[in-house]
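Student: Could you work out the structure for the sequence below:
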Amino acid sequence: MKKITKKTYLDWYENMLFWRKFEDKLAQVYINQKVRGFLHLYNGQEAVLAGALHAMDLSKDRMITAYRNHVQPIGMGVDPKKVMAELYGKATGTSQGLGGSMHIFSKEHRFYGGHGIVGGQIALGAGLAYADKYFDRDAVTLTYMGDGATRQGSLHETFNLAMLWKLPVVFCVENNGYAMGTSVARTANHTDIWKLGLGYEMPCKPVDAMKPEVVAKEMDEAIKRARRGDGPTFLELRTYRYRGHSMSDAQHYRTKEEVAKKQEEDPITYVLHQLYENKWANEEDIKKIEKRVKDLVTECEKFAEDSPYPEKNVMFDAVYEQEDYPFLSDKL
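Tutor: A predicted model of the protein is given here:
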């Protein structure tokens, strides 16, 4: 694994803080109805992404996930201004404003969504890995899902084939405790989701996903295993979300005391503590980081606000391959 250094922690702090503030800004503009539809925020789960990116080879590895997917493409190299513009539904967005919150996508940066169908991305991630193996591309695909998606039949079908074909894929369940408003304990007779891999003799384990260096270590082992041709790994990344499932979630299924207790494990605060404890940064250094983060969020917002909406014909051109498609109406 790449060495974890002072710079690693400084980068982690700045990136994780930016992801948090980026999502906070989206929550704010959502209330002002500048972002429409559903909005699923990543607050609290930042260590999952930070650790994974440290272990990945971003020149060739891929990532696919569900609809809590705004900051992952930013981590993979997508311009955050384009991500925010996509959420605004603007023409300068990653999919010209046609994808929106749940469908961020960038083939250029090997980020394959953003999927609104629960569990739909699990089989697709295995498909990406199959293609890499078939074409001998030495790449690994990280396939993320929520704890609710692990109850889908597609997971079992995919696990079976992934092990049979020894696909270069790492299956990652971000267990944030709740599938929408349903706790893990209410969805099965066990709460150790990682054990689902045992039935396929797939290497699997739980991971403390509130600490980026722990995630990085486990991801590194799983990625190396996949890259050398030994097949998939299933990691249960135990994390927590500080906001509701989506912005419309009243969160009646959990108490404020529970959330407050979990906020004591905030991964961003944890990284900040490591910087102070090791004397890698002082208050002045942190203030400079916070200013850069604030300025970048403001820049993203301004870019999205100032960008135009896509023309109607863009929507039709993106959906219909046949130029003289007979069922289009000029009245639309």
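
Student: buried ones in the helix or strand encompassing D24?
Tutor: D24 is part of helix 6-31, with elements assigned from DSSP states H and E. Of all the residues in helix 6-31, those buried under the rule 16 or more other Cβ atoms under 10 Å are 8-23, 25-26, 29-30. Using the backbone N, CA and C atoms, a C-beta is placed for each residue, glycine as well.

Student: average pLDDT for that helix?
Tutor: Helix 6-31 comes out with an average pLDDT of 98.

Student: Equivalent analysis for stretch 107-124, please.
Tutor: pLDDT averaged over stretch 107-124 gives 96.

Student: How about stretch 39-59?
Tutor: 98.

Student: for it, the distance to its chain's centre please.
Tutor: 6 Å (Cα atoms, centre = their mean, to the nearest Å).

Student: ok, now stretch 48-67?
Tutor: For stretch 48-67 - counting by Cα atoms, centre = their mean - the centre lies 8 Å from the chain centre.

Student: got the end-to-end distance for that stretch?
Tutor: 15 Å (Cα to Cα, to the nearest Å).

Student: Buried residues in it, which are they?
Tutor: So, applying 16+ other Cβ under 10 Å, buried residues of stretch 48-67: 48-56, 61-67.

Student: Stretch 163-174 too?
Tutor: In stretch 163-174, counting by 16+ other Cβ under 10 Å, buried: M163, W165, L167, P168, V169, V170, F171, C172, V173, E174.

Student: Among those residues, which are located in helices?
Tutor: M163 (DSSP state H).

Student: ok, which pair from the buried residues of stretch 163-174 is furthest apart?
Tutor: Largest separation among the buried residues of stretch 163-174 by Cβ to Cβ: W165 and E174, giving 24.7 Å.

Student: quick one on the thing from earlier: return the subset of the buried residues of stretch 163-174 lying in strands.
Tutor: Among those, the residues falling in strands (DSSP state E) are V169, V170, F171, C172, V173, E174.

Student: which among those gets closest to D147?
Tutor: For these, the nearest to D147 is V173 (5.9 Å; Cβ to Cβ).

Student: Give me the pLDDT for that closest one.
Tutor: On the pLDDT scale, V173 gets 98.

Student: on that earlier part again, which of the ones in strands among the buried residues of stretch 163-174 sits closest to L196?
Tutor: Distances from L196 to these, taken by Cβ to Cβ, are shortest for V173, at 8.5 Å.

Student: list the contacts for that closest one?
Tutor: Contacts for V173 were tallied using Cβ atoms under 8 Å, 6 or more residues apart in numbering; they are Y144, M145, G146, D147, A149, T150, I193, W194, F234, L235, E236, L237.

Student: likewise L41?
Tutor: Residues E23, L26, A27, R68, H70, R241, R243, M247 are the ones in contact with L41 under the rule Cβ under 8 Å, 6+ apart.

Student: Next, give phi and psi for D132.
Tutor: Backbone torsions of D132, given as degrees, to the nearest 10, read phi -60, psi -40.

Student: Isn't it up against P168?
Tutor: Yes. Between D132 and P168 a contact is recorded at 5.8 Å, counting by Cβ atoms under 8 Å.

Student: So for the two, which residues contact both of them?
Tutor: What both D132 and P168 touch, as defined by Cβ under 8 Å, 6+ apart, is the set A139, V140, T141.

Student: Among those, name the ones in strands.
Tutor: T141.

Student: Let's have the shared contacts of D132 and P168 in TSV, adding distance to R254.
Tutor: Shown next, in TSV, are those (distance: Cβ to Cβ, whole Å):
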residue	distance to R254
A139	38
V140	35
T141	32
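
Student: any idea which of the shared contacts of D132 and P168 is the one closest to Y88?
Tutor: Nearest to Y88 among the shared contacts of D132 and P168, with distances taken as Cβ to Cβ, is T141, at 29.2 Å.

Student: What about the closest one, how many residues nearby?
Tutor: Neighbour count of T141, defined by other Cβ atoms under 10 Å: 27.

Student: can you check Y320 too?
Tutor: Y320 has 12 nearby residues by other Cβ under 10 Å.

Student: please begin residue numbering at 126 from this point
Tutor: All set: I'll call the first residue 126, so the last point we hit is now Y445.

Student: Look up how far Q399 lies from it.
Tutor: Distance from Y445 to Q399, counting by Cβ to Cβ, to the nearest Å: 52 Å.
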